[in-house]
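**Q** Here is a sequence with its predicted model. Questions after.
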Amino acid sequence: MGTLYGPNSAPYDEGKFPILLTDWGHNSAFQAVQTHKLEDPSILLNGVGNVTRFNNSVFAPLIPDPYTIHFDPPQKGVAKRYLLRIINTSFDSTFVFSIDNHILQIVEADFVPIKPYNGTSVLVGIGQRYHVIVTAQPQSNGRPLPTDGNYWIRTWKANCFSFNQSKASAGYEETGILRYGSRQTLPNSTAWSNVSLNCSDESYDNLKPILPWTVGKPINDPSGNVGENFTVDGDDATTFYPLAFFSMGGNHNPLRVDYGNPTFLNLNNTGPWNPLWVVFPENHKSDDWVYMVIQGAGGFTYNQHPIHLHGHDFAILQQIESATFPKNLSLNTHNPPRRDVVLLPEDGYVVIAFKTDNPGTWLVHCHIAFHAAAGLAMQFMERQTDARNIWPSLNASHALRVAQQGCVNWNNWWGNCTNWWPGDGEGCQYGSDVTSPDSGI
């Protein structure tokens, strides 16, 4: 895995390897979506975890040591500053990251450098990335510091709706160890008492970009107010296959990707788009702004969604919980928080804006894997004419030829029903409903 070295808003002495937070089920993603259950789930820190912490009846012939980070102790009163790059790669879980007895200085959100602020924890939604600086100087947490120099790194599950409803037992969040010395004992450090597990993004007011943006008026709203409105919705009674009960584009229309004929290969299209592709044209100039209101349907259970936009950073003009749009509408267009994944608040809404400076077709989707698989996504066709000029034809464009070959490979694989989950030919029972061109996301 490579490391991207972006700008930082505060100095540090040494960078550590990126830290991946993820949940892990011992069944396939296909089976997990079909059965609504991750089997024997565990929490991994950089690929290391102990499933018996969650269920001590699970047989585990080899239990790995927790993921470990080493800090140098202070020398002559000078403590080193370490940069940690934290990434949530989960199937379903929002995590809260903390290190016992250590303050986190948050300096970057989704690769956007921000004015530094301190905290005892940071909430990381699926697909979100944070850079934090940790000084190798443990702080008292109401008890004497451990004498062995070992501290728990904790990845708590936030109190969001979970695909797997069962809750972690006490101590399950102890997934890594920060060590100052060579002693290999498990830590006896105490968690910070003020760690919030609320399913909410980091404070809006804390995410202040170093490089300011001033957001213009919405080109996609003649009234000049808030652009287009999209509601995340769900319908358990849908007849779509497979399990396409989420939608984002309105009128309960789940996105169904045709992997044999993607939107990118249809830049010459002049008529209506296939409604199953949920395409919204945005044909504007490179310095125009598009606004989106994204809200959850009232009382909808699956209401906390990490929403990701491809191809852009976006400005978060407002993010508010427990309010129905447009109640309490107050847009911040001068240096608002900027990122590419935003957590749609419970029973609330977000207003985001992006500049149409990147021609192409861009996906907007929930980063919870089974929500995206069930249709919670849509596409922006941004400046279609300019995109067609970049990729003029199949014969002239290497990118289009590569994409077409991928489609050929997909059609060959998908054309054999014995490849469908759960394998061994059992998938063939679904018949023509699955073999249609629109084969689901």
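**A** Ah, there it is. Bear in mind the structure is a predicted one, so any value in this text is a computation, not a measurement. Residues are numbered from 1 along each chain as shown.

**Q** So C428: helix, strand or coil?
**A** Of the three states, C428 takes helix according to DSSP: H, G, I helix; E, B strand; the rest coil.

**Q** can you list the weak-confidence ranges in the stretch 201-350 of the chain?
**A** The model of the stretch 201-350 of the chain has pLDDT under 70 over residues 224, 235-244, 297-303.

**Q** and with 50 instead?
**A** Counting by pLDDT under 50, the stretch 201-350 of the chain has low-confidence residues at 238, 240-241, 301.

**Q** Sketch out the helices for the stretch 301-441 of the chain, chain order is fine.
**A** 369-373, 384-390, 398-414, 432-435 (DSSP state H, counting those that start in this stretch).

**Q** A191: which of these is closest?
**A** A191 lies closest to helix 369-373 among these, at 28.6 Å (C-beta to C-beta). No exception for glycine: its C-beta is placed from N, CA and C like everyone else's.

**Q** Show me which positions of the closest one end up buried.
**A** For helix 369-373, the neighbour count (16 or more other C-beta atoms under 10 Å) marks 369-373 as buried.

**Q** list the helices and strands that helix packs on?
**A** Packing contacts for helix 369-373, counted by 3 or more C-beta pairs under 8 Å, 6 or more residues apart in numbering; DSSP states H and E, involve helix 29-35.

**Q** hey, which of the helices of the stretch 301-441 of the chain is tucked in deepest?
**A** helix 369-373 (a mean of 20; mean count of other C-beta atoms under 10 Å).

**Q** counting contacts, what elements does the helix or strand harbouring L21 pack onto?
**A** L21 belongs to strand 19-24 when assigned by DSSP states H and E. Packed against strand 19-24, as judged by 3+ C-beta pairs under 8 Å, 6+ apart, are the following elements: strand 42-45, strand 81-88, strand 95-99.

**Q** same thing but 6 Å
**A** Strand 19-24 sits against strand 42-45, strand 81-88, with contacts defined as 3 or more C-beta pairs under 6 Å, 6 or more residues apart in numbering; DSSP states H and E.

**Q** Please compute how far stretch 216-230 lies from its chain's middle.
**A** Offset of stretch 216-230 from its chain centre (C-alpha atoms, centre = their mean, to the nearest Å): 26 Å.

**Q** should've said stretch 370-381
**A** Counting by C-alpha atoms, centre = their mean, stretch 370-381 comes out at 13 Å from the chain centroid.

**Q** So what touches it?
**A** Stretch 370-381 is contacted from outside by 33, 163, 243-249, 254-255, 263, 278-282, 361-366, 441, using C-beta atoms under 6 Å, 6 or more residues apart in numbering.

**Q** can you tell me which of those residues are in strands?
**A** 246-247, 279-282, 361-366 (DSSP state E).

**Q** Derive a ChimeraX selection command for the buried subset of these.
**A** Listed next is the ChimeraX selection for buried residues among the ones in strands among the contacts of stretch 370-381, using 16+ other C-beta under 10 Å:
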select :246,247,279,280,282,361,362,363,364,365,366
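
**Q** So Y259 is in contact with W410, correct?
**A** Yes - Y259 lies in contact with W410 (C-beta atoms under 6 Å); the separation is 4.6 Å.

**Q** As a markdown table, the helices and strands packed on strand 19-24 with mean pLDDT, distance to Q405 and mean neighbour count would be great.
**A** Shown next, in a markdown table, are these (pLDDT from 0 to 100; distance: least, C-beta to C-beta, whole Å; neighbours: other C-beta atoms under 10 Å):
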| stretch | mean pLDDT | distance to Q405 | mean neighbour count |
| --- | --- | --- | --- |
| strand 42-45 | 91 | 34 | 23 |
| strand 81-88 | 97 | 31 | 20 |
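
**Q** In a markdown table, list the ones you listed along with distance to F95.
**A** Below are the helices and strands packed on strand 19-24 laid out as a markdown table (distance: least, C-beta to C-beta, whole Å):
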| stretch | distance to F95 |
| --- | --- |
| strand 42-45 | 8 |
| strand 81-88 | 6 |
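
**Q** so which of the ones you listed comes closest to G6?
**A** Distance to G6, taken as C-beta to C-beta, is lowest for strand 81-88 among those, at 9.2 Å.

**Q** So which other helices or strands are in contact with the closest one?
**A** Against strand 81-88 (3+ C-beta pairs under 6 Å, 6+ apart) you get strand 19-24, strand 129-135.

**Q** Partner strands of it, with direction?
**A** Strand 81-88 has the following strand partners under DSSP bridges: strand 14-15 (parallel), strand 19-24 (parallel), strand 129-135 (antiparallel).

**Q** ranking these by burial, who's on top?
**A** strand 129-135 (a mean of 23).

**Q** That one: what's the following helix or strand?
**A** Going down the chain from strand 129-135, the next helix or strand is strand 150-157, by DSSP H and E.

**Q** Given the very next helix or strand once past that following strand, what are its sheet partners and their directions?
**A** The C-terminal neighbour of strand 150-157 among helices and strands, as given by DSSP H and E, is strand 174-179. Next to strand 174-179 in the sheet, as set by DSSP bridges, lie strand 67-70 (parallel), strand 150-157 (antiparallel).

**Q** mean confidence for strand 174-179?
**A** Taken as a whole, strand 174-179 has a mean pLDDT of 96.

**Q** Also stretch 391-401?
**A** On average, stretch 391-401 scores 85.

**Q** How about stretch 158-168?
**A** On average, the pLDDT along stretch 158-168 is 64.

**Q** With stretch 15-28 instead?
**A** Mean pLDDT, stretch 15-28: 90.
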